[in-house]
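Colleague: quick one, what's the 3D model for this:
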Amino acid sequence: MIRKFIFKYKEVMEWALPVTPEGFSISYGNKIEIIDIHNLGDVSVCGGKTLATIQIDCLLPRQNYAFASTQDNDPYNNVATIKSWINEKAVLRFIISDTGINLPVLITSISYGENDGTNDIYATLVLQEYREVKAETEYTTNTGNNPREGDSQPVKSDSYLVEKGDTLSAICKDRYGKASLYHKVAAYNEIKNPDLIFIGQTIKLPDESQL
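Modeller: As a prediction, this is how the structure comes out:
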């Protein structure tokens with residue numbers, strides 16, 4: 001099966017690399033902090049996961065090659081599209097078929113040029129995984145035992161930043177009063193394994209009626 005490298009923009013535009021690249025590289029891991037503890041020396045502490053970085057070397061053809069998925073004879077149109085996404089800081093959905101890679105990204109750079117007299121363009125794309133940051137709404141409180149007339153009612157956060165020791169069921173118990181909702185919250189957040197969450201991960205917590 002020929003893999004497709006697909007970019008989706010605002011769910012209204014879908015563009016695939018016209019020639020399947022020979023390969024790609026992706027880096028993924030955790031943040032490791034080295035701490036110097038007196039009498040113990042250096043110790044490593046594992047923090048939240050890093051953002052994935054993907055690099056792709058690709059061909060944007062000028063010639064009508066049989067192996068190309070499109071016969072757009074001006075590869076500079078493709079370059080212009082990529083540049084516009086970079087300038088707009090556009091969040092794209094990047095998919096490599098048959099690999100499980102499907103994530104929001106920003107294109108951080110493109111380098112390109114011609115080198116063999118065919119007028120084909122050889123380009124290198126660097127993609128950075130995108131993670132949305134949402135401000136969390138704190139609970140409002142008052143010093144009395146009961147809410148007073150005119151006081152703001154408690155407002156629950158619509159997202160939660162995972163800390164050490166958290167579990168999805170405990171988060172659901174605190175947010176909804178029902179630990180059993182953790183499977184639904186996992187599905188809402190596209191978490192494949194509801195029993196596995198990470199420090200620093202943002203969990204979206206919609207109203208229960210949306211689950």
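
Colleague: now the longest helix seen in the chain: buried residues?
Modeller: With secondary structure taken from DSSP state H, the chain has its longest helix at helix 75-88. Neighbour-count burial for helix 75-88, counted by 16 or more other Cβ atoms under 10 Å, picks out 75, 78, 82, 85. Every residue, glycine included, has its C-beta placed from N, CA and C.

Colleague: pretty sure residue 24 contacts residue 55?
Modeller: Yes: if you go by Cβ atoms under 8 Å, residue 24 and residue 55 touch, sitting 6.7 Å apart.

Colleague: using CSV, write down the CA coordinates of the longest helix of the chain.
Modeller: The C-alpha trace of helix 75-88 is given here as CSV (Å, rounded to 0.1, in the frame of the first residue of the first chain):
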residue,chain,number,x,y,z
PRO,A,75,5.4,22.9,-7.9
TYR,A,76,5.8,26.5,-6.8
ASN,A,77,2.0,26.5,-6.3
ASN,A,78,2.6,23.9,-3.6
VAL,A,79,5.5,25.9,-2.1
ALA,A,80,3.2,29.0,-2.0
THR,A,81,0.5,27.1,-0.1
ILE,A,82,3.0,25.8,2.4
LYS,A,83,4.5,29.3,2.9
SER,A,84,1.0,30.7,3.4
TRP,A,85,0.3,28.2,6.2
ILE,A,86,3.6,29.1,7.8
ASN,A,87,2.8,32.9,7.6
GLU,A,88,-0.7,32.3,9.0
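
Colleague: report all helices and strands that the helix or strand following that helix contacts.
Modeller: Downstream of helix 75-88, the first helix or strand assigned by DSSP states H and E is strand 92-96. Strand 92-96 makes packing contacts with strand 5-9, strand 101-113 when contacts are defined by 3 or more Cβ pairs under 8 Å, 6 or more residues apart in numbering; DSSP states H and E.

Colleague: now the longest one and strand 5-9, what's the angle there?
Modeller: If I follow you right, that is strand 101-113. In terms of direction (axes from the mean of the first three to the mean of the last three Cα atoms, to 10 degrees), strand 101-113 departs from strand 5-9 by 100 degrees.

Colleague: for this protein, just list every one of the strands.
Modeller: 5-9, 13-16, 24-27, 30-37, 41-49, 53-60, 92-96, 101-113, 121-129, 159-161, 202-204 (DSSP state E).

Colleague: how about these in a markdown table, adding mean neighbour count and mean pLDDT?
Modeller: Output for the strands of the chain, formatted as a markdown table (neighbours: other Cβ atoms under 10 Å; pLDDT from 0 to 100):
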| stretch | mean neighbour count | mean pLDDT |
| --- | --- | --- |
| strand 5-9 | 18 | 94 |
| strand 13-16 | 14 | 90 |
| strand 24-27 | 13 | 93 |
| strand 30-37 | 10 | 79 |
| strand 41-49 | 11 | 78 |
| strand 53-60 | 18 | 95 |
| strand 92-96 | 20 | 94 |
| strand 101-113 | 15 | 95 |
| strand 121-129 | 18 | 96 |
| strand 159-161 | 18 | 87 |
| strand 202-204 | 17 | 91 |
